[in-house]
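Engineer: Just a sequence and a predicted model for now, questions to come.
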Amino acid sequence: MRVFIAGIDGYLGWPLAQFLAARGHQVGGVDGYQRRQWVSEMGSQSATPILGMDNRKRAYQDAFGEKLWFREGDLTNWEFVRDSVSDFQPEAIVHLGECPSAPYSMIDLEHTVLVQQNNIVGTLNILHAMRDITPDAHLVKLGTMGEYGTPNIDIPEGFFEIEYQGRKDVLPFPRQAGSWYHWSKVHDSNNVMFACKMWGLRSTDIMQGVVFGTRVDKMQDDERMITRVDFDQAFGTIINRFCCQAIIGHPITPYGNGGQKRSFIPLKDSMQCLTLVVENPPATTEYRVFNQFQGVFTVKELALKVRQVAAEIGFDVPITNLENPRIESEDHYYNPKHQALLDLGYHPTEDIDKEVLMMIEDLMKYSDRIEAYKDVLIPDVRWNGSRKKVQTI
Ligand code: USQ
């Protein structure tokens, strides 16, 4: 299948290109390298040493024997999106080309606008390009489990049946996002759903949990194929941050009392699921929603898990609860469903400790790169708009 990856240079995009190529798909992609710039704006770098795109293309060709179709550009530029889709003629578009950071979107007005504009306009451009050029293609749109928030009832996959004043309907499940970033994904979901209804497009909207991990099965132990791993307060996700902290002896940093529950998925499971979705498109005109995660954990459980796994290989690190810079519930009900992907054949990784161990072992090689930027491990972006490093509690 001809698969177009928007955001092919990112944490998920680069391994997905490899995963799909290894399965015989023809992969193409675009990227404007914004993720690299945003992380450097946060005063950080990837823990893993990642290559520039020219070298990545060479490594890809060595590994898979064919050239990677690539264009550099910005998804908010309509002509760029139109011409890229027109030249590549995709059968599936995997849209990973958004700003993925809640804290980044909460910095100030400029960052809120940047994140929402980048994400919403980019998606609208892709939808219009699909309508005009490839109306039969399948849009695999990366949303987030954070769109739902933490309601006090079970979370279904996108839609639920509701009875109100004696009448019943199946409606989108209410979204209660917790950051301007998460709201941008909600707005995207509404726009994608509307485009499917109006123009007969088809799409799978993936509500993905927090991803963690360093590797996927298809990297063939070639260091050039490694993906980025961030650990700063904005682009580093929690387990990745905790692992980076552990290997340099920095205290592990749960925010607040650590009772927050979230859904999580290993990087390699994310690749497995996205591939299943690409290879099993919905019927024409269908808009479907899949919840994509392996399991649910509290922040506290994760801190203990990383500490214990790290201790097994000689890293003895404390856990230090920090003032929570975010406004979020720390004690709440959380029970999301995730049956659709299991029905398609998703085999969740069972041993999460093993995954964490593998990540720590991978990252140990690069501890100097983390040590050099360790100042970024303590957050200062607060949900109330002020910018001040949080304190230990
Ligand atoms: N947290 C800590 N300590 C840390 C970092 C985070 O306790 O050092 C807590 C946060 O307060 C939050 C939870 O861990 O309760 C998750 O935070 P996160 O930064 O790992 O994830 P989040 O901001 O929710 O965003 C990440 C990705 C985003 C994706 C989302 C999936 O950056 O792109 O959409 O995970 S989900 O969380 O399901 O919405």
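Structural biologist: Perfect, I can see it now. Residues are numbered from 1 along each chain as shown.
Engineer: Quick check: beta-bridge partners of residue 6?
Structural biologist: Beta bridges link residue 6 to residue 30, residue 95, judged by DSSP bridges.
Engineer: so who does it touch?
Structural biologist: Contacts were defined as CB atoms under 8 Å, 6 or more residues apart in numbering; by that measure residue 6 touches 13, 29-31, 75, 93-97, 122, 126. No exception for glycine: its C-beta is placed from N, CA and C like everyone else's.
Engineer: hmm, try it at 6 Å
Structural biologist: Taking CB atoms under 6 Å, 6 or more residues apart in numbering, we find residue 6 in contact with 30, 75, 95, 97.
Engineer: next one: residue 290
Structural biologist: Residue 290 makes contact with 204, 206, 340-341, according to CB under 6 Å, 6+ apart.
Engineer: Go through those and say which is closest to the ligand.
Structural biologist: Within the set of these, residue 206 lies nearest the ligand; the separation is 10.2 Å, counting by CB to the nearest ligand atom.
Engineer: Excluding sequence neighbours, find me the nearest residue to that closest one.
Structural biologist: With CB to CB, 6 or more residues apart in numbering as the criterion, residue 206 has its nearest non-adjacent residue at 5.0 Å, and that residue is residue 292.
Engineer: Settle this for me: that neighbour is touching residue 210, isn't it.
Structural biologist: No: when contacts are counted by CB atoms under 6 Å, residue 292 is not listed as touching residue 210 (11.0 Å).
Engineer: So between the two, which is more surrounded?
Structural biologist: Taking neighbours as other CB atoms under 10 Å, residue 292 and residue 210 compare with residue 292 leading, 29 against 18.
Engineer: and the more buried one, bridged to which residues?
Structural biologist: As for beta bridges, residue 292 partners with residue 208 under DSSP bridges.
Engineer: how far away is it from the ligand?
Structural biologist: Between residue 292 and the ligand the distance is 9 Å, computed by CB to the nearest ligand atom, to the nearest Å.
Engineer: Tell me how many other residues surround the spatially closest residue to residue 387 that is not a sequence neighbour.
Structural biologist: Spatially, and ignoring its direct neighbours in sequence, residue 387 is nearest to residue 380 (5.3 Å; CB to CB, 6+ apart). Around residue 380 sit 14 other residues, with neighbours defined as other CB under 10 Å.
Engineer: Whichever residue of the stretch 1-150 of the chain sits closest to the ligand: what's its closest spatial neighbour, skipping adjacent residues?
Structural biologist: Residue nearest to the ligand within the stretch 1-150 of the chain: residue 146 (2.3 Å; CB to the nearest ligand atom). Counting by CB to CB, 6+ apart, residue 182 is the residue found nearest to residue 146 once chain neighbours are left out, at 4.2 Å.
Engineer: hang on, the earlier thing: got the phi/psi numbers for the residue nearest to residue 387?
Structural biologist: The main-chain torsion angles of residue 380 are listed as degrees, to the nearest 10 and equal phi -130, psi -10.
Engineer: so what's it up against?
Structural biologist: Going by CB under 6 Å, 6+ apart, the list of residues near residue 380 reads 387-389.
Engineer: Among those, which ones are in helices?
Structural biologist: Secondary structure assignment (DSSP state H) places none of the contacts of residue 380 within helices.
Engineer: Among these, which one lies nearest to the ligand?
Structural biologist: The closest of those to the ligand turns out to be residue 389 (CB to the nearest ligand atom; 12.9 Å).
Engineer: can I assume that closest one is in contact with residue 379?
Structural biologist: No: with contact defined as CB under 6 Å, residue 389 does not count as touching residue 379 (7.4 Å).
Engineer: So for these two, which residue has more residues nearby?
Structural biologist: Each of residue 389 and residue 379 had its neighbours counted (other CB under 10 Å), and the higher figure belongs to residue 379 (23 against 14).
Engineer: is it fair to say the more buried one lies in a strand?
Structural biologist: No: Residue 379: not assigned to a strand; according to DSSP: H, G, I helix; E, B strand; the rest coil it is coil.
Engineer: Turn the contacts of residue 290 into CSV, including pLDDT and distance to the ligand.
Structural biologist: Formatted as CSV, these follow (pLDDT from 0 to 100; distance: CB to the nearest ligand atom, whole Å):
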residue, pLDDT, distance to the ligand
204, 98, 16
206, 98, 10
340, 98, 16
341, 98, 15
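Engineer: Remind me which helix or strand the closest residue to residue 90 other than its chain neighbours belongs to.
Structural biologist: Closest residue in space to residue 90, ignoring its immediate chain neighbours: residue 4 at 3.6 Å, by CB to CB, 6+ apart. Counting by DSSP states H and E, the secondary-structure element that holds residue 4 is strand 2-6.
Engineer: same check, this time on residue 348
Structural biologist: Going by DSSP H and E, residue 348 is not part of any helix or strand.
Engineer: So which residues on the chain come close to the ligand?
Structural biologist: With CB under 6 Å from any ligand atom as the criterion, the chain comes near the ligand at residues 100-102, 144-146, 209-210, 237-238, 241, 253-255, 260, 262-263, 299, 326, 328.
Engineer: Which residue ranges of the stretch 251-393 of the chain form strands?
Structural biologist: 261-266, 287-292, 295-298 (DSSP state E, counting those that start in this stretch).
Engineer: Thanks a lot, see you next time.
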